[in-house]
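Chemist: Everything below, folded, please.
(2 chains)
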Amino acid sequence: MIKLIYPLIVAVFLSFATYAKPKLGTKAPDFKLPDIFTGKIYTMDDFKGKVVLLNLWASWCTGCKAEMPEFFKLQKKLENRDFMIVAVSIDSSKKKALKFLKKVEKRTGIRTPFIVLWDSKKNLAKIYKPIGLPSSYLIDKKGILRKEFIGSFTTKNITLLEKEIEKLLEEKND
Amino acid sequence: MIKLVLIVVVPSFFFISCSNTLTSVMPYEREYFAQEKMQFDPIPSRTEQEAHVFLIREASAGGESSFQGGCGCR
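Modeler: You can find the predicted model right below:
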């Protein structure tokens, strides 16, 4: 009976491995995704030395509709700083994602100011395992995952995000 | 050895199959559920019309909602 218990404990731990998601304070998971406009492949290394806000969004997500214009304005505001929003669309249809972006461009009067990647197979979402959509992850200049934001940002709470970004921008990149 | 592997592998498959990722739809997998045709009332105007017809047919002002009795007395 005791012999049976040990393998069972191992099995339980193995089953917990399916829940594993990136921990705050550890290196942000790498990816290899194409730009939705140009098709250029980007990896996490392309953003080294920059504070990155990794945003998982989709055209069918209601919160994303409210949040995206705020991100357009935020990137425009911080365009001369070491800050970059990397928006990852998890739409199956590229056409729908582009239509969504065009609508936001029209509404804000700003041309997409950041990098938008397309993850049609939802691989990055499967790694981050967000409990809601949209989800945003703040990554520091060293590529360490620092904060996780579940849900959408609005004009009311975007200042909280700005404060967190400022904190990371002030940190030295050693 | 085979016995040990079986003891480890079989329960692990059992526990993994019970995991949350397999039994529930993750937020990033809700693309098709988010479509309008998947809503309970894909055409809001039609739902409103049906409620109106129900109200007249049953003489039950407010009866179509879940928090009123449908007796017409409100």
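Chemist: isn't A:I41 right next to A:L117, touching?
Modeler: No - using CB atoms under 8 Å, A:I41 is not in contact with A:L117; the gap is 9.2 Å. Heads up, the C-betas are built off the backbone N, CA and C, glycines and all.
Chemist: the helices in chain A, which residues?
Modeler: Using DSSP state H, the helices of chain A run over A:2-16, A:62-77, A:94-108, A:123-128, A:158-170.
Chemist: tell me how far the last one is from the chain's mean position?
Modeler: Going by CA atoms, centre = their mean, to the nearest Å, the spacing between the C-alpha centre of helix A:158-170 and its chain's C-alpha centre is 16 Å.
Chemist: cool, the third one as well?
Modeler: On the basis of CA atoms, centre = their mean, helix A:94-108 is displaced by 18 Å from the centre of the chain it belongs to.
Chemist: Show me which residues of that helix are buried.
Modeler: The neighbour-count check on helix A:94-108 (16 or more other CB atoms under 10 Å in any protein chain shown) flags A:A97, A:L98, A:F100, A:L101, A:V104, A:E105, A:T108 as buried.
Chemist: packing partners for it?
Modeler: Contact here means 3 or more CB pairs under 8 Å, 6 or more residues apart in numbering or on different chains; DSSP states H and E; on that basis helix A:94-108 packs against helix A:62-77, strand A:115-118.
Chemist: could you redo those as a markdown table and give each row mean pLDDT?
Modeler: Below are the helices and strands packed on helix A:94-108 laid out as a markdown table (pLDDT from 0 to 100):
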| stretch | mean pLDDT |
| --- | --- |
| helix A:62-77 | 95 |
| strand A:115-118 | 97 |
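Chemist: how about these, which one is nearest chain B?
Modeler: Chain B lies closest to helix A:62-77 among those, at 8.1 Å (CB to the nearest CB).
Chemist: can you list the residues that contact the closest one?
Modeler: A:53, A:55, A:57-58, A:83-85, A:87, A:100-101, A:104-105, A:107-108, A:110, A:112-114, A:132-134, A:151-155, A:158, A:161-162 (CB atoms under 8 Å, 6 or more residues apart in numbering or on different chains).
Chemist: Ok, stretch A:93-112 next?
Modeler: Under the contact criterion CB under 8 Å, 6+ apart, stretch A:93-112 has outside partners A:36-37, A:58-60, A:64-65, A:68-69, A:72-73, A:76, A:89, A:91, A:116, A:118, A:120.
Chemist: where does that stretch sit relative to the chain's centre, distance-wise?
Modeler: Centroid separation for stretch A:93-112 versus its chain: 18 Å, with CA atoms, centre = their mean.
Chemist: Kindly report the same for stretch A:60-79.
Modeler: For stretch A:60-79, the distance to the chain centre is 12 Å (CA atoms, centre = their mean).
Chemist: Kindly report the same for stretch B:10-18.
Modeler: On CA atoms, centre = their mean, the centre of stretch B:10-18 falls 26 Å from that of its chain.
Chemist: looking only at pLDDT, what's the mean for that stretch?
Modeler: Here stretch B:10-18 scores 74 as its mean pLDDT.
Chemist: Only alpha carbons, please: show that stretch as PDB.
Modeler: Extracted as PDB, the C-alpha positions of stretch B:10-18 are listed here (Å, rounded to 0.1, in the frame of the first residue of the first chain):
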ATOM      1  CA  VAL B  10      -2.400   5.800 -15.200                       C
ATOM      2  CA  PRO B  11      -3.300   8.000 -12.200                       C
ATOM      3  CA  SER B  12      -1.500  11.000 -13.800                       C
ATOM      4  CA  PHE B  13      -3.700  10.600 -16.900                       C
ATOM      5  CA  PHE B  14      -6.700  10.400 -14.600                       C
ATOM      6  CA  PHE B  15      -5.800  13.600 -12.700                       C
ATOM      7  CA  ILE B  16      -4.800  15.500 -15.800                       C
ATOM      8  CA  SER B  17      -8.100  14.700 -17.400                       C
ATOM      9  CA  CYS B  18      -9.800  16.300 -14.400                       C
END
